[in-house]
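Asker: Provided below are the primary sequence and the corresponding predicted coordinates.
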Amino acid sequence: MLKKIFSGVQPTGNLHLGNYLGAIKNFVSLNNDNENKCIFCVVDLHAVTVSQDPKILKNNIRETVATFLASGIDPKKSIIFNQSQVSAHSEAAWILSCIARMGWLNRMTQFKEKAGKDKEKASVGLYSYPVLMAADILLYDTTHVPVGNDQKQHLELCRDIAQKFNNDFKVNDFFKIPEPLIQKEFSRIMSLKDGLKKMSKSELSDLGRINLTDEKDQISNKIKKAKTDSLPIPSKVEELNNRPEARNLLSIYASLTNLSLEKSIQKFSGKNFSEFKEILSQILIEKINPISIEIKKLLNEKKYLDKILLEGCKEADSLASKKIKKIHDIVGF
Ligand code: AMP
Ligand code: TRP
């Protein structure tokens, strides 16, 4: 069956191992399957829901494209573009915001986390962020959305919005109801400093994450300093239940080597973490360093990156503008 894939990454800098293992690695294998039509979007409209320095944002947009390419996404097979350049996204987001209910958005945990204690001071955009995400997905008749686990709730909201629009206007099947593609074991890579917090771009200490542009010695230094406990590596997955840092490091190993968590544990059972960390560092360097070198090379080829975006925008715009015309018609504009 032909799958229509859509996913987005915010150009907010510091793309890290969590983004790679939770999302981008999956994009690459979907891109390689000729049965799929893939669209990968640099979601710059989402990025400005919190304040951004305009010059840095411009660079981060190119860096996100460079990361897609360096990780192995082929722009001849997939559409790569930035959201702000296809106006149908903003327009559809407005219309869908009249379909989504306040009660639905009030349940979104990401808003609560990002807005923190002072909700009154959060931007309105940060609150309606998941509606824009629904617009991104629904404009392209997307069937599957590869994301990390943190986006699961937003996808459920997208499905509710699509269903309500179809029901309200009696246009059964107009918006396709998309399925999430979330990797089971490795959908949430945690901070190297705290196994209960997800690895994130915004964590103040750089020691919590492996950036995709880190040098070899930074990678091994961060793994050396990564938090663990004093017990050796167990023999069963269940024994990791109360050991979040140990589980995280072993999950990273498993995901990088395409082994199950269970097999990875069996391989190192009884060994202590200092020995395991050395092997993990080597594998990380082997996988991440070539990507890092390629990102840095591509960042010197601004014209090439801009050309990819321009071509991607044309293709995306031609698809999205057809859908938005139909939306106008249905709504009665
Ligand atoms: P963002 O950087 O928030 O735009 O996220 C881009 C993609 O990376 C989304 O699919 C996220 O779900 C995924 N992602 C972000 N952080 C992590 C993490 N720590 N573990 C797994 N996936 C993640
Ligand atoms: N909200 C997603 C994130 O922060 C990014 C995103 C925006 C997205 N639009 C999307 C992901 C559409 C999948 C599909 O990770």
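Answerer: Right, received. Where do you want to start? Ligands and ions are numbered 1, 2, ... in the order given.

Asker: do the helix or strand harbouring residue 304 and ligand 2 come into contact?
Answerer: Counting by DSSP states H and E, the element that carries residue 304 is helix 302-331. No. On the criterion C-beta under 6 Å from any ligand atom, helix 302-331 is out of touch with ligand 2, staying 12.5 Å away. C-betas here are computed from N, CA, C, even on glycine.

Asker: buried sites along that helix?
Answerer: By neighbour count on 16 or more other C-beta atoms under 10 Å, the buried set for helix 302-331 is 305, 308-309, 312-313, 316-317, 319-320, 323-324, 327, 330.

Asker: check which helices and strands that helix is in contact with.
Answerer: Counting contacts by 3 or more C-beta pairs under 8 Å, 6 or more residues apart in numbering; DSSP states H and E, helix 302-331 packs against strand 36-42, helix 54-71, strand 79-82, helix 88-97, helix 273-299.

Asker: dump those to TSV, plus mean pLDDT.
Answerer: Shown next, in TSV, are those (pLDDT from 0 to 100):
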stretch	mean pLDDT
strand 36-42	98
helix 54-71	98
strand 79-82	98
helix 88-97	98
helix 273-299	97
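
Asker: ligand 2: which of these is closest?
Answerer: Between ligand 2 and the helices and strands packed on helix 302-331, the shortest gap by C-beta to the nearest ligand atom is with strand 36-42, which sits at 6.4 Å.

Asker: for the stretch 51-200 of the chain, which residues score under the pLDDT cut-off?
Answerer: By pLDDT under 70, the stretch 51-200 of the chain contains no weakly predicted segment.

Asker: what does it put close to ligand 1?
Answerer: Going by C-beta under 6 Å from any ligand atom, the residues of the stretch 51-200 of the chain near ligand 1 are 147-148, 150-151, 187-189, 198-199.

Asker: point me to the residue of this structure nearest ligand 1.
Answerer: residue 22 (2.0 Å).

Asker: burial count for that residue?
Answerer: 25 (other C-beta atoms under 10 Å).

Asker: measure the residue nearest to it when sequence neighbours are not counted to residue 9 for me?
Answerer: In space, residue 22 comes closest to residue 148 once its chain neighbours are excluded; the distance is 3.3 Å by C-beta to C-beta, 6 or more residues apart in numbering. Residue 148 is 10 Å from residue 9, where distance means C-beta to C-beta, to the nearest Å.

Asker: overlap in contacts of the two?
Answerer: By C-beta atoms under 8 Å, 6 or more residues apart in numbering, residue 148 and residue 9 have these common neighbours: 19, 23.

Asker: which ones are touching residue 271?
Answerer: Counted by C-beta under 8 Å, 6+ apart, residue 271 has contacts 232-233.

Asker: name the residue of this protein with the shortest distance to ligand 2.
Answerer: Scanning the chain for proximity to ligand 2 using C-beta to the nearest ligand atom identifies residue 8 as nearest, at 3.1 Å.

Asker: which residues are contacting the strand or helix carrying that residue?
Answerer: Following DSSP H and E, one finds residue 8 within strand 3-9. Under the contact criterion C-beta under 8 Å, 6+ apart, strand 3-9 has outside partners 15, 19, 23-24, 27, 30, 35-43, 46, 64, 67-68, 83, 133, 136-137, 140-147, 176, 178, 181.

Asker: kindly recompute the last result at 7 Å.
Answerer: Contact with strand 3-9 is made by 19, 23, 27, 30, 35-43, 64, 136-137, 140-147, as judged by C-beta atoms under 7 Å, 6 or more residues apart in numbering.

Asker: and for stretch 192-210?
Answerer: 12-14, 16-18, 150, 188-191, 219, 222, 225-227, 244-245, 247-248, 284, 288.

Asker: that stretch: which residues count as buried?
Answerer: Applying 16+ other C-beta under 10 Å to stretch 192-210 flags 192-195, 198-200, 203, 207-210 as buried.

Asker: now do it: distance to the chain's middle.
Answerer: Mean C-alpha position of stretch 192-210 versus that of the full chain (C-alpha atoms, centre = their mean, to the nearest Å) differs by 16 Å.

Asker: just stretch 34-52 next, same as before
Answerer: The answer for stretch 34-52 is 9 Å, by C-alpha atoms, centre = their mean.

Asker: what about it, near ligand 2?
Answerer: Yes. Counting by C-beta under 6 Å from any ligand atom, ligand 2 is contacted by stretch 34-52 at 43, 46.

Asker: for that stretch, list the C-alpha coordinates in CSV.
Answerer: C-alpha atoms of stretch 34-52 as CSV (Å, rounded to 0.1, in the frame of the first residue of the first chain):
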residue,chain,number,x,y,z
ASN,A,34,9.9,3.2,-2.8
GLU,A,35,6.3,2.4,-1.7
ASN,A,36,6.3,5.6,0.3
LYS,A,37,5.8,9.3,-0.6
CYS,A,38,7.6,11.3,2.1
ILE,A,39,7.4,15.0,3.0
PHE,A,40,9.8,16.3,5.6
CYS,A,41,9.1,19.8,6.8
VAL,A,42,11.3,22.3,8.7
VAL,A,43,8.6,23.8,10.9
ASP,A,44,9.7,27.3,11.3
LEU,A,45,6.2,28.6,12.1
HIS,A,46,6.3,26.3,15.1
ALA,A,47,9.7,27.6,16.1
VAL,A,48,8.5,31.1,16.6
THR,A,49,5.9,30.1,19.2
VAL,A,50,8.8,31.0,21.6
SER,A,51,11.0,34.0,20.8
GLN,A,52,13.8,33.4,18.2
